[in-house]
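A.B. asks: fold the following.
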Amino acid sequence: MTAATKETALKRTTIHPAWVRIFHWVNAAAVIAMCLSGWQVYDASPVFKSLTIPASVTLGGWLGGALLWHFAVMWVLVANFLAYLALGVATGRLRTKLFPISVRAIVTDLVAALRGRLAHADFSHYNAVQKFAYLVVIADIALLVLSGLAIWKPVQFPLLCALMGGFDNARVVHFVAMSVVVGFFAVHVVMVALVPRSLLTMIRGQ
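C.D. replies: Residues are numbered from 1 along each chain as shown. Okay, the predicted model is just below:
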């Protein structure tokens, strides 16, 4: 087999290119660190007085330590997220992987999934439920960043803070957006447990 043939075969069998895998794992680590440190910050001044986060699942040890972690990892998350979107648009991967999508297709695939009849043979193709979930989490991370800015710099970003309904409402938006990410992460882990090969493709690309 010639070098050109080998390269062609590699391209044909690669499901996730290296840059996608790198961004995926950096994003996963950043989101986990942001959530754990954010929960420590939350406990210092709970949005919902009846809800507190167990200290055993928080990061930072105290409010000051948690803020240091949160702000440090924030830059990693934002830079990784923007770079992923830029490359995804530039290479056309976001368009080809997540579109087209329709409500009918989402409902059809969701019903098939609930009945255990959704095929998983082709890992290079996302079903409608996966497309919708990834679009939601992309929009949700953007909302997390924007609501976080409104909380962090309400004076410097007054319009952003106003769009969130004020400082207190921005905290609620931030908490809800965080909850959506955690929910997505939990479902994602369950799906990986049900279809282990999906994890292998995100590690080795094939």
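A.B. asks: list the contacts of the helix or strand hosting Ala112.
C.D. replies: When secondary structure is defined using DSSP states H and E, the element that contains Ala112 is helix 103-114. Contacts of helix 103-114 with the rest of the structure, by C-beta atoms under 8 Å, 6 or more residues apart in numbering, involve Leu118, Asn127, Ala128, Val129, Lys131, Phe132. Bear in mind the C-beta positions are built from the backbone N, C-alpha and C, glycine included.
A.B. asks: repeat that for stretch 80-90.
C.D. replies: Under C-beta under 8 Å, 6+ apart, the answer for stretch 80-90 is 19-20, 23, 26-27, 30, 93-95, 138, 141-142, 145.
A.B. asks: and the angle from the helix or strand where Val190 lies to helix 103-114?
C.D. replies: If you go by DSSP H and E, Val190 is part of helix 167-194. Calculated by axes from the mean of the first three to the mean of the last three C-alpha atoms, to 10 degrees, helix 167-194 forms an angle of 50 degrees with helix 103-114.
A.B. asks: next, Pro46: phi, psi?
C.D. replies: Backbone torsions for Pro46, taken as degrees, to the nearest 10, come to phi -60, psi 140.
A.B. asks: can you tell me which residues contact it?
C.D. replies: Here Pro46 is in contact with Thr52 (C-beta under 8 Å, 6+ apart).
A.B. asks: tell me the pLDDT of it.
C.D. replies: Turning to Pro46, the model gives it a pLDDT of 95.
A.B. asks: quick one on the thing from earlier: of the contacts of helix 103-114, just the buried ones, ChimeraX syntax please.
C.D. replies: What follows is the ChimeraX syntax for the buried subset of the contacts of helix 103-114, where burial is set by 16 or more other C-beta atoms under 10 Å:
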select :118,127,128,129,131,132
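A.B. asks: tell me which of the contacts of helix 103-114 fall in helices.
C.D. replies: Secondary structure assignment (DSSP state H) places Ala128, Val129, Lys131, Phe132 from those within helices.
A.B. asks: what's the distance between the second one and Ala90?
C.D. replies: Look at Val129 and Ala90: by C-beta to C-beta, to the nearest Å, they are 26 Å apart.
A.B. asks: and the last one, by the same measure?
C.D. replies: For Phe132, the distance to Ala90 equals 23 Å [C-beta to C-beta].
A.B. asks: same check, this time on the first one
C.D. replies: The gap separating Ala128 from Ala90 is 25 Å, by C-beta to C-beta.
A.B. asks: grab the nearest non-local neighbour of the spatially most central residue of the chain.
C.D. replies: Closest residue to the average C-alpha location of the chain: Val137 at 5.0 Å, with C-alpha atoms, centre = their mean. Leaving aside its sequence neighbours, Val137 sits nearest to Phe184 (C-beta to C-beta, 6 or more residues apart in numbering; 4.8 Å).
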